[in-house]
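Student: heads up, no residue letters with this:
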Ligand code: SF4
């Protein structure tokens, strides 16, 4: 652990949210639907990190943890303010002065926050800040959002665009790599910045230009003119930081394209800004089915009372939920932590979908694990827990090769007409392999 220091400088002004061309998002916020009461919850499963909500009970309140944090650090804010996602965005923690009043910053954290240039800016919602351990810079959640000086060290093979997305971009803000799928980067804004972000080259830097209606029109025109695209993934930045009206407009335009069968949204908002998952938003989203959602979870401690409700609302809106998790050293790189995470996810109707090897983004060496660690985790899950709870471990090939799945070595080889296999307990089995029989007979 690094030495703790306390800063005394004044708070920076709250971050401003960029918007669509000619219309600040704050204006859209003012015009957007009122935030309704949150989803009912009645029954807590015995766990510190997640709750299984049920339908039809009274509206819930923020957790006691949230309430106490709000009263301590935002004494002028009401419970309704705290529950308003627009208030959360307006009051993001964006500077060392603000953060040091809530956490004791280590020397490495303080240096990194002050340096700023070159790295993704500090940016955390008050809600997510309430989950951080004020005294422990090594806490998993804190490591994911508070910068450290190691971010400024560029290691071998690291890159600002490790997946080569810019190379596969036929129009600005759209990546077309796989023939039938397109990645639509609809905004550069995120409510909270992850320190290992693959898109750190754009997140927090080009918010105004990405969420630009002319850019959107060009990307939509490209999709309209490319009949092979049957699946559009909205990402960014975080699409769910857009107002309901903007999302509705965008989804309506995409839904009007006959060859677009499926729309997906990639987001971390349900984790870092669960207040955004209002019934108004769910009502908007469910009008555009089939709509799937990939949520960026990283650690079981993220499955809080509030997040559980957010997932419940999305699932009740008929949206299939998957989780995409980046394997991070010192955060979630153990079978025990990953098992807690995947169990919490399936309890909240989120299917663990991908476990990603961390991309070699510039300054990420302190987050990256050996590939053997990912395989060890999959080996510790497969056969040892529910199959639905086991994600696919992948490396997104540097330079744009796409996702390549990695598995423990379950195939031991062939004996004549049998394939030799190893199960989760290490026992070996033989299976009659028809292809091997055919080959063998052909050879005779
Ligand atoms: S939410 Fe996604 S896009 Fe935003 S900073 Fe985190 S990883 Fe990057």
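Tutor: Nice, thanks for sending it over. Predicted model only: the values in this text are computed from it and were never measured. Numbering: from 1, shown residues only.
Student: list the contacts of the helix or strand hosting residue 380.
Tutor: Element membership of residue 380 [criterion: DSSP states H and E] is helix 371-381. Contact with helix 371-381 is made by 327, 333-335, 338-339, 342, 355, 357, 389-391, 393, 395, 406-408, 424, as judged by C-beta atoms under 8 Å, 6 or more residues apart in numbering. For the C-beta atoms, the positions are set from N, CA and C on the backbone; glycine is no exception.
Student: buried sites along whichever helix or strand comes after that helix?
Tutor: The element immediately downstream of helix 371-381 (helix or strand, assigned by DSSP H and E) is strand 392-397. For strand 392-397, burial by neighbour count (16 or more other C-beta atoms under 10 Å) applies to 393-396.
Student: same check on stretch 102-118?
Tutor: For stretch 102-118, by 16+ other C-beta under 10 Å, it's 102-106, 108-113.
Student: now do stretch 270-287
Tutor: 270-279, 281-282, 284-285.
Student: got it, and stretch 335-348?
Tutor: Buried, per 16+ other C-beta under 10 Å, within stretch 335-348: 335, 337-348.
Student: which ones among these lie within helices?
Tutor: Counting by DSSP state H, the part of the buried residues of stretch 335-348 found in helices is 335, 337-347.
Student: picking that back up, which ones among the buried residues of stretch 270-287 map onto helices?
Tutor: 270-272, 279, 281-282, 284-285.
Student: which of these sits closest to the ligand?
Tutor: Proximity of those to the ligand (C-beta to the nearest ligand atom) peaks at residue 272, which lies at 7.3 Å.
Student: grab the nearest non-local neighbour of the closest one.
Tutor: Leaving aside its chain neighbours, residue 272 sits nearest to residue 192 (3.9 Å; criterion: C-beta to C-beta, 6 or more residues apart in numbering).
Student: neighbours around that neighbour, how many?
Tutor: 24 (other C-beta atoms under 10 Å).
Student: what does the one 3 residues further on give?
Tutor: The number of residues packed around residue 195, counting by other C-beta under 10 Å, is 23.
Student: pLDDT-wise, which helix or strand of this protein ranks last?
Tutor: strand 4-5 (a mean of 30; mean pLDDT, DSSP states H and E).
Student: any idea how the protein splits into domains?
Tutor: For the chain, automatic domain parsing gives the domain ranges 1-14+63-152, 166-403, 411-443.
Student: can you redo the ones you listed as JSON lines with distance to the ligand?
Tutor: Formatted as JSON lines, the domains of the chain follow (distance: least, C-beta to the nearest ligand atom, whole Å):
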{"stretch": "domain 1-14+63-152", "distance to the ligand": "7"}
{"stretch": "domain 166-403", "distance to the ligand": "3"}
{"stretch": "domain 411-443", "distance to the ligand": "32"}
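Student: single out the most deeply packed of those domains.
Tutor: Among these, domain 166-403 has the highest mean neighbour count (mean count of other C-beta atoms under 10 Å), at a mean of 20.
Student: so how far is the first residue of that domain from its last?
Tutor: End-to-end distance of domain 166-403 (C-alpha to C-alpha, to the nearest Å): 17 Å.
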